[in-house]
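Enquirer: predicted model and sequence below, questions to follow.
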Amino acid sequence: MAYKVPNTPTPRVVEPQYWPERDYPLNGGLNLADIEFDLGENETPKCLNMWYKDGILDKRWGQDFINEDETPEANGWSMYKHLYKDHLIKHTGTKLYKQNPSTGAITEIHTVSDIKSKIFKYNGNIYLKQVGNYIQWDGTTGADVVPHIPNVILNRLPTGGGDLDEQYNRLGAGFKNSFNGNSTTGYTLTDDDLDVTLVTATVNGVTKVETVDFTVNRTSGVVTFSVAPSSGTNNVVITAYKTELDDIDSILNCLSVVPFGGQNDNRLFFGNNGTGFYYWTGISSVGVDPTYFPYDNYNIVGLTDDNITGFNKQQNSLMVIKEREVYAVDYSFDGTSGIFNSYPVSDVFGCDSPNTIQTVNNNTVWLSSEFGVCVIQSTNVGNQRNVFAISRNIDPRLLQEENLKEASSIEFDGNYWLCVNDKVYLWDYFLAPYYDTGNPDDNAKRLSWWYFDNINAKDFASDVNDLYYIERDTGLTVKFYLTYDESQFYDFGLGYEGLYRYPFRLVGGGIYEFTVVNGIIGVRSDRKTEYQVKYFTNDDIVGELDTDPIIAGSFDWGTFAWNTFTWDIMSALFLWPLRPALKNVQYFAAEFSNNDAGKSMNIVSMKWQYQTKRQIR
């Protein structure tokens, strides 16, 4: 048989194509949980100090101290979360301060302990709570809270009896008895074994003095007047003191506080004293009273020796959170008094990072060192799917962090800021809110998380237009620059790195080699932008730096600064061409980076033009 020469195949000419086929907003955020090749076009396996803001991918806000001359303390502890009378309120070291956010001028309010604290506002005053201390500041004077002295009984006869009035105050040692006076000189109090503190009395509104007008047998609790009081109704009022340290410490040792009252906030709830007990204030003779803790105003959730770590309001309920449990408290009125009833929400998820509890889209969010960031979707006692872990995209890094229990947080401008050590994990919940579709993994995968460094925040504060924090190690106050001006894109006067990685792509479908012909990068050029591009392929996994960096900018007097000066005037969107010259590769990725002070690193859109080559063999 004659040998037949095979036909020579005609070379296949493939026109350049674009990947992706359409523009995707680069808003998916950081995803460390999935294989890089499987990430969506809007996700990234690596980013730093970048987020999706105002419709573009860009560097985060810059930051600086509001007073560089402020003397640093050893520790920053807490801030009130808003401005109070146009001032920031913060606790650093051994002092409670007010600070002018505009000038940085700082004024001492009160001396406190150099330990953890919680600052909150109630009834128009500022309060600081820490183990052993309960401080009040009314805008002028700071002082230890003076406990309300309850009138525990009315219409008491000198020999006893009477009608119950106010309950004893757990927070204080003082109590009053109101007697119906008669010709008797001896009046028996409701308590014996009294403190040595001087007893006081009034008879028909006239003050009487111990050792002058009467004597006291502290063992028996009998007060003997030298002249018998006249007859009357509740005309003899005696104030005495009996210290019950366990009761006082049950309140003073609490570190978590939240205002709550069902449909209003007419009570303060205290907890986090090492037990499963929580306590709430009552209504005294002066009305809503943060100094009065009626003796029976308490409840227990779960085991008594499992600590309550924090509280948070969710709709009309109060979340009482422990390390491995969550309970809810609801308010009802029985026609005579208010009743607070508790019920379980979850016996699996809990919080051991108290300063991470926030309200996000009307739902309670927090960090657990075991499960990551969690959210309460429902407080329905019959719902077995109430709490979900939502940080799966960042958990491979987040849960490896040290000091997770000391993390801090704030909800601001549609973002949940979670600060661990000097890093921030930010969930943009305006961009990607959490909702339950029945698949918890898919629900969490949709969320947009970002990663920042150089933010060492112990606690945060905000007003409508500004965001602040105090540094953990110095107590100095830092402000973010939220608007694009000459102060933006500086960290304490220096540059900071912005980095974003376009993930590895198998543009040839894993079958063909391909050549990357062009990259078309959309840049917002009404701000100074300059950054380097590095390419990664199967031939160069270390990365090859592009010799032609992206540089764009536009002249604007409003943002004028010499280090970013240009006479160029460009449109808001500039399409920057790249020439990667990546030939016959099987996969590729690209990284964009910038650490220049005062310069943005923004990307509006991204497309790559490629040409399919030979089949991979």
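Expert: Alright, I've got the coordinates. Numbers count the residues shown, from 1 in each chain.

Enquirer: contacting residues around Arg309?
Expert: Actually, residue 309 is Thr rather than Arg. Counting by C-beta atoms under 8 Å, 6 or more residues apart in numbering, Thr309 touches 256, 272, 321-323, 350-354. No exception for glycine: its C-beta is placed from N, CA and C like everyone else's.

Enquirer: now it: closest residue in space that isn't a chain neighbour?
Expert: In space, and not counting its chain neighbours, Thr309 is closest to Pro354: 4.7 Å by C-beta to C-beta, 6 or more residues apart in numbering.

Enquirer: same check, this time on Lys176
Expert: Nearest non-adjacent residue to Lys176 (C-beta to C-beta, 6+ apart): Asn151, at 4.2 Å.

Enquirer: for that neighbour, grab phi and psi.
Expert: Backbone torsions of Asn151, given as degrees, to the nearest 10, read phi -90, psi 100.

Enquirer: tell me the pLDDT at it?
Expert: Here the pLDDT value assigned to Asn151 is 97.

Enquirer: count the residues that sit near it.
Expert: Asn151 is flanked by 17 other residues according to other C-beta atoms under 10 Å.

Enquirer: Pro16 now?
Expert: Residue crowding around Pro16 was assessed by other C-beta under 10 Å; the count is 12.

Enquirer: for Ser353, give me its contacts.
Expert: 309, 366-369, 404-407.

Enquirer: how much space between it and Pro101?
Expert: Per C-beta to C-beta, to the nearest Å, Ser353 is found 27 Å from Pro101.

Enquirer: kindly report the same for Lys81.
Expert: For Lys81, the distance to Pro101 - C-beta to C-beta - is 14 Å.

Enquirer: how about Ile248?
Expert: 37 Å.

Enquirer: before we move on, what about Phe492?
Expert: For Phe492, the distance to Pro101 - C-beta to C-beta - is 17 Å.

Enquirer: over to Gln609?
Expert: 50 Å.

Enquirer: Ala432 reaches Ser448, doesn't it?
Expert: Yes. Using C-beta atoms under 8 Å, Ala432 is in contact with Ser448, at 4.0 Å.

Enquirer: more crowded one of these two?
Expert: It is Ser448, of Ala432 and Ser448, that has more neighbours when counted by other C-beta under 10 Å, with 23 against 17.

Enquirer: give the contact list for the more buried one.
Expert: 27-29, 52, 427-428, 431-432.

Enquirer: contacts only, for Val222.
Expert: Counting by C-beta under 8 Å, 6+ apart, Val222 has contacts 186-189, 216.

Enquirer: selecting buried members of those residues in ChimeraX, what would you type?
Expert: Here is the ChimeraX command that selects the buried residues among the contacts of Val222 (16 or more other C-beta atoms under 10 Å):
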select :187,188,189,216
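
Enquirer: could you dump the contacts of Val222 to TSV with pLDDT?
Expert: Formatted as TSV, those follow (pLDDT from 0 to 100):
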residue	pLDDT
Gly186	98
Tyr187	98
Thr188	98
Leu189	98
Val216	98
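
Enquirer: closest one of the contacts of Val222 to Asp296?
Expert: Nearest to Asp296 among these: Leu189, at 20.6 Å, using C-beta to C-beta.

Enquirer: show me the contacts for the closest one.
Expert: When contacts are counted by C-beta under 8 Å, 6+ apart, Leu189 touches 177, 221-223, 238, 240.

Enquirer: could you identify the buried members of those?
Expert: 177, 221, 223, 238, 240.

Enquirer: could you chop the chain up by domain?
Expert: Domain segmentation of the chain under automatic domain parsing yields 17-61+497-615, 151-245, 254-406+422-455.

Enquirer: now do the end-to-end distance for the last one.
Expert: Meaning domain 254-406+422-455. 29 Å (C-alpha to C-alpha, to the nearest Å).

Enquirer: quick one on the thing from earlier: now that we have the contacts of Ser448, which one has the most neighbours?
Expert: Neighbour-wise, these (other C-beta under 10 Å) top out at Trp427, 28 neighbours.

Enquirer: residues in contact with it?
Expert: Contacts of Trp427 by C-beta under 8 Å, 6+ apart are 360, 373, 390-391, 415-416, 418, 447-449.

Enquirer: looking at this, it is in a strand?
Expert: Yes. Per DSSP: H, G, I helix; E, B strand; the rest coil, Trp427 lies within a strand segment.

Enquirer: bridged to the closest residue to it other than its chain neighbours, which residues?
Expert: Nearest residue to Trp427 in three dimensions, chain neighbours excluded: Tyr416, at 4.3 Å (C-beta to C-beta, 6+ apart). Taking DSSP bridges as the rule, Tyr416 bridges to Glu411, Trp427.

Enquirer: sorry, back to before: now the common contact residues for Ala432 and Ser448.
Expert: 27, 29.

Enquirer: neighbours of the closest residue in space to Pro147 that isn't next to it in sequence, how many?
Expert: Closest residue to Pro147 apart from its sequence neighbours, by C-beta to C-beta, 6+ apart: Gly172 at 2.7 Å. By other C-beta under 10 Å, 22 other residues sit near Gly172.

Enquirer: is Gly172 in a helix, a strand, or coil?
Expert: Gly172 - assigned by three-state DSSP - is coil.

Enquirer: surely it touches Ile248?
Expert: Yes. Using C-beta under 8 Å, Gly172 makes contact with Ile248 at a distance of 7.2 Å.

Enquirer: how about the strands in the stretch 101-250 of the chain?
Expert: 106-111, 118-122, 125-130, 133-137, 142-144, 151-156, 163-164, 174-179, 186-188, 200-203, 206-209, 214-217, 222-225, 236-241 (DSSP state E, counting those that start in this stretch).

Enquirer: report the longest helix in the protein, please.
Expert: The helix that spans the most residues within the chain, counting by DSSP state H, is helix 245-252.

Enquirer: what about that helix, average pLDDT?
Expert: 98.

Enquirer: go on, stretch 320-327?
Expert: So the average pLDDT for stretch 320-327 ends up being 96.

Enquirer: so how far is it from its chain's centroid?
Expert: Between the centre of stretch 320-327 and the centre of its chain there are 17 Å (C-alpha atoms, centre = their mean, to the nearest Å).
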